[in-house]
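A.B. asks: Predicted model and sequence follow; I will ask about them next.
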2 protein chains.
Amino acid sequence: MITTALTRMFELEHPLILGPMGGVAGGRLAAAVSNAGGLGLVGAGYGDPQWVARELDLVGELSHRPWGIGFITWSTAPELLELALARKPAAVMLSFGDPRPLGARIKAAGCRLICQVQDLAGARLAHEAGADLVVAQGTEAGGHASRRATLPLVPAVANLVAPIPVVAAGGIADGRGLAAALMLGAEGALLGTRFYASDEALGSARAKALIASASGDATARTTVFDIVRRLDWPPGYDGRALRNRFMGRWQGHENELAGALASENPAFLDAVQAQDFDTAMVWAGEAVDLIDAVEPAAEIVRRIGREAEIALARGAALCRYPN
Amino acid sequence: MITTALTRMFELEHPLILGPMGGVAGGRLAAAVSNAGGLGLVGAGYGDPQWVARELDLVGELSHRPWGIGFITWSTAPELLELALARKPAAVMLSFGDPRPLGARIKAAGCRLICQVQDLAGARLAHEAGADLVVAQGTEAGGHASRRATLPLVPAVANLVAPIPVVAAGGIADGRGLAAALMLGAEGALLGTRFYASDEALGSARAKALIASASGDATARTTVFDIVRRLDWPPGYDGRALRNRFMGRWQGHENELAGALASENPAFLDAVQAQDFDTAMVWAGEAVDLIDAVEPAAEIVRRIGREAEIALARGAALCRYPN
């Protein structure tokens, strides 16, 4: 059992947080992660109130341990935040945008504020927002993120926001990654893609199978899936997905795509409905190399905890005596 | 003292390799790193035989421990390799290109072959080349590299090439990063930018001072410094440097730059001579956040080794008892 500031804050058995993936991290997955001793976060995505209310009611019903919810800061209406706070999450995570306005309300509600940041400028805002925990997210993450990489970002953020505890996100899918995060000065790790490939994740079985079989060489960051969905992400963010035919067609031709939305937007939404992943995106991080099977979330939590303990013990053993 | 497959292979006191930075990692720096118990590699850069002969003679004279040399595979003439092998390096590192043709000659000379790779496809070639050691280099590295990030790349490469030992490169500048690399399954770390900011590094004192004061948010990958120098790098590689005025002018306008070389190339070379770093590049990785001073290389080696031991001991202590 690994004990850190993160496990103490939420009484966890493993220093692991479920990345609040929109449309994927629903109440059932969040509850499975929390019940296994991690911190489950429901992903509010672009903020459909009915979906959020249903999934939060579900996690409240299924979980007997602390859980929370994660919002995309720039797309979150204050009323949606109130809907969530009324259900008494242990933590609310804000990502992608200035966390100070919503952060103040979260703190006032007596809820732990987690701020996910992508660079040092973001870490400064998280500090100002009074974050209880800062997630430093690297560019190797699946889905939306920015340009800095996890390995150098985590210690730099830890230096900057100390004594606020830091959690590493991006590129972690096994116990080696969790142990590495702890060495970097983080108090745990947040994992998205690894939990996408879990039984309890929402989203299609075919997408999960693609993640389990993909190589990390085959992912790329892109804005094309945001453009085609008419999502107005602020500059500096894009999404990492498995390369597919749609990305191959439009990557580098973003202006052309923006001019073709009258036909491309409905065709894309049809492809999403049809689970046609030659066109629709499968968000996935570079750590897909380390994911070989779709598994129950609880097994993932426990195995990563155990693997990290073994790695840490081996690391200490390297120090003892020279051969 | 940390003992790994890397330290055993070269009888090192610390599992650290000097990144063979062209024009920066000369004989004096390589000798300082080797004499402090790491593995110093001279950087052959684009292969000026006179420079390489001089710096290899220097490291041979100054070092009383194993040292080596690193080549840019695609730009290395067989005669230059012979010039190096005649001086009996303990190791030759090949980066950026298919290592098999030159690798065969290196192995035939009884020299250890180190292959630096940037993705899984490269790791497969390194395996075929009979590499004794594979360096997995992430995109956060300073200077030339590719797109994959260190944290997810290292365990994936370690899985792929086992039992060949792997070393992590990119984004590492302190003992936290070295300890993290060991957790990921690497046997050590290769550091470039950290040693650029050392007393013994070649290159200008002003460039070193810029590295010591820069933020990792302020670096970016770009091809503009290759285009303006008429260097024909293969697709997929670019260089990470501190953002400056020249990068701001030409990034995203690469074709325009390629068309303006008649005036831009000589002006750029003048700026390099004049150490005008508003125009000339300072290669630097994202780990510049962790570099605050220009120091003797031996101090850097010893401090990082000590810091990593402390981190590893702390990691094991996290496991003992839950609070």
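C.D. replies: Happy to help now that I have it.
A.B. asks: can you tell me how far residue A:238 sits from residue A:83?
C.D. replies: Shown here: residue A:238 relative to residue A:83, a distance of 29 Å by Cβ to Cβ, to the nearest Å. In short, each C-beta sits where N, CA and C put it, glycine included.
A.B. asks: just residue A:37 next, same as before
C.D. replies: 27 Å.
A.B. asks: Tell me if I am right that residue A:17 is in a strand.
C.D. replies: Yes - counting by DSSP: H, G, I helix; E, B strand; the rest coil, residue A:17 is found in a strand.
A.B. asks: tell me which residues form a beta bridge with the residue nearest to it when sequence neighbours are not counted?
C.D. replies: Excluding its sequence neighbours, the residue lying closest to residue A:17 (Cβ to Cβ, 6 or more residues apart in numbering or on different chains) is residue A:190, at 4.1 Å. Legend: beta-bridge partners of residue A:190 under DSSP bridges are residue A:17, residue A:169.
A.B. asks: so residue A:190 touches residue A:169, yeah?
C.D. replies: Yes - at 3.9 Å, residue A:190 counts as touching residue A:169 under the criterion of Cβ atoms under 8 Å.
A.B. asks: Now do the shared contacts for the two.
C.D. replies: A:17, A:19, A:116, A:135, A:137 (Cβ atoms under 8 Å, 6 or more residues apart in numbering or on different chains).
A.B. asks: Just send those residues back as TSV, with neighbour count and pLDDT too.
C.D. replies: Formatted as TSV, these follow (neighbours: other Cβ atoms under 10 Å in any protein chain shown; pLDDT from 0 to 100):
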residue	neighbour count	pLDDT
A:17	31	99
A:19	30	98
A:116	27	98
A:135	28	99
A:137	31	98
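A.B. asks: Residue for residue, what is the longest helix chain A has?
C.D. replies: Scanning chain A for the helix with the most residues, using DSSP state H, yields helix A:297-318.
A.B. asks: residue boundaries of the helices in the stretch 201-323 of chain A?
C.D. replies: For the stretch 201-323 of chain A, the helices defined by DSSP state H, counting those that start in this stretch occupy A:205-213, A:224-228, A:245-250, A:254-258, A:261-273, A:297-318.
A.B. asks: so which of those comes closest to chain B?
C.D. replies: helix A:297-318 (3.5 Å; Cβ to the nearest Cβ).
A.B. asks: hang on, the earlier thing: for the residue nearest to residue A:17, list the residues it contacts.
C.D. replies: Contacts of residue A:190 (Cβ under 8 Å, 6+ apart): A:16, A:17, A:18, A:19, A:116, A:135, A:137, A:167, A:168, A:169, A:172.
A.B. asks: tell me which of those residues is nearest to chain B?
C.D. replies: So of those, ranked by how close each gets to chain B (Cβ to the nearest Cβ), first place is residue A:172, at 6.9 Å.
A.B. asks: measure the closest one to residue A:19 for me?
C.D. replies: Counting by Cβ to Cβ - residue A:172 and residue A:19 are separated by 10 Å.
A.B. asks: what's the overlap in contacts for these two?
C.D. replies: Counting by Cβ under 8 Å, 6+ apart, the residues touching both residue A:172 and residue A:19 are A:190, A:191.
A.B. asks: what helices or strands is the helix or strand hosting residue A:30 leaning on?
C.D. replies: Element membership of residue A:30, judged by DSSP states H and E, is helix A:27-35. With contacts defined as 3 or more Cβ pairs under 8 Å, 6 or more residues apart in numbering or on different chains; DSSP states H and E, helix A:27-35 has these neighbours: strand A:16-18, strand A:40-43, helix A:49-62, strand A:67-72, helix A:297-318.
A.B. asks: before we move on, back to that, from the contacts of residue A:190, which is closest to residue B:74?
C.D. replies: Residue B:74 lies nearest to residue A:172 out of those, by Cβ to Cβ, at 32.9 Å.
A.B. asks: Let me see the contact set for that closest one.
C.D. replies: The contact partners of residue A:172, by Cβ under 8 Å, 6+ apart, come to A:150, A:178, A:180, A:181, A:189, A:190, A:191, A:194, A:287, B:151, B:152.
A.B. asks: pLDDT and distance to residue B:224 added to those, as TSV?
C.D. replies: Listed next are the contacts of residue A:172 as TSV, based on pLDDT from 0 to 100; distance: Cβ to Cβ, whole Å:
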residue	pLDDT	distance to residue B:224
A:150	98	26
A:178	98	38
A:180	98	33
A:181	98	34
A:189	99	36
A:190	99	35
A:191	98	36
A:194	98	37
A:287	98	31
B:151	98	27
B:152	98	28
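A.B. asks: Tell me the one of the residues you listed nearest residue B:23?
C.D. replies: Nearest member of the contacts of residue A:172 to residue B:23, counting by Cβ to Cβ, is residue B:151, at 28.7 Å.
A.B. asks: Surely that closest one forms part of a helix?
C.D. replies: Yes - the assignment for residue B:151 is a helix, going by three-state DSSP.
A.B. asks: and the closest residue to it other than its chain neighbours, how many neighbours does it have?
C.D. replies: Leaving aside its chain neighbours, residue B:151 sits nearest to residue A:171 (4.0 Å; criterion: Cβ to Cβ, 6+ apart). Using other Cβ atoms under 10 Å in any protein chain shown, residue A:171 has 37 other residues around it.
A.B. asks: Quick one: classify residue A:171 as helix, strand or coil.
C.D. replies: Residue A:171 is classified as coil under three-state DSSP.
A.B. asks: which residues touch it?
C.D. replies: Contacts of residue A:171 (Cβ under 8 Å, 6+ apart): A:138, A:140, A:141, A:149, A:150, A:177, A:285, A:286, A:287, B:149, B:151, B:152.
A.B. asks: quick one, phi/psi of it?
C.D. replies: phi 90, psi 10 (degrees, to the nearest 10).
A.B. asks: and if you look at the one 3 residues further on?
C.D. replies: Torsion angles at residue A:174 (phi, psi; degrees, to the nearest 10) stand at phi -150, psi -180.
A.B. asks: From residue A:291, how far off is it?
C.D. replies: Counting by Cβ to Cβ - residue A:174 and residue A:291 are separated by 9 Å.
A.B. asks: Name the residues contacting each of these two.
C.D. replies: The contact sets of residue A:174 and residue A:291 overlap at residue A:194 (Cβ under 8 Å, 6+ apart).
A.B. asks: hmm, back to that, how close does the residue nearest to residue A:17 get to chain B?
C.D. replies: Between residue A:190 and chain B the distance is 13 Å, computed by Cβ to the nearest Cβ, to the nearest Å.
A.B. asks: Check the spacing between the nearest residue to residue A:200 once chain neighbours are set aside and residue A:171 real quick.
C.D. replies: Spatial nearest neighbour of residue A:200, excluding adjacent residues (Cβ to Cβ, 6+ apart): residue A:29 at 4.1 Å. Distance of residue A:29 to residue A:171, computed by Cβ to Cβ: 20 Å.
A.B. asks: Also residue A:105?
C.D. replies: Relative to residue A:171, and taking Cβ to Cβ, residue A:105 is found at 32 Å.
A.B. asks: for residue A:10, same thing?
C.D. replies: 23 Å.
A.B. asks: List the buried residues for stretch A:251-262?
C.D. replies: residue A:257 (16 or more other Cβ atoms under 10 Å in any protein chain shown).
A.B. asks: ok, and what's touching it?
C.D. replies: A:220, A:222, A:223, A:224, A:227, A:228, A:230, A:250, A:264.
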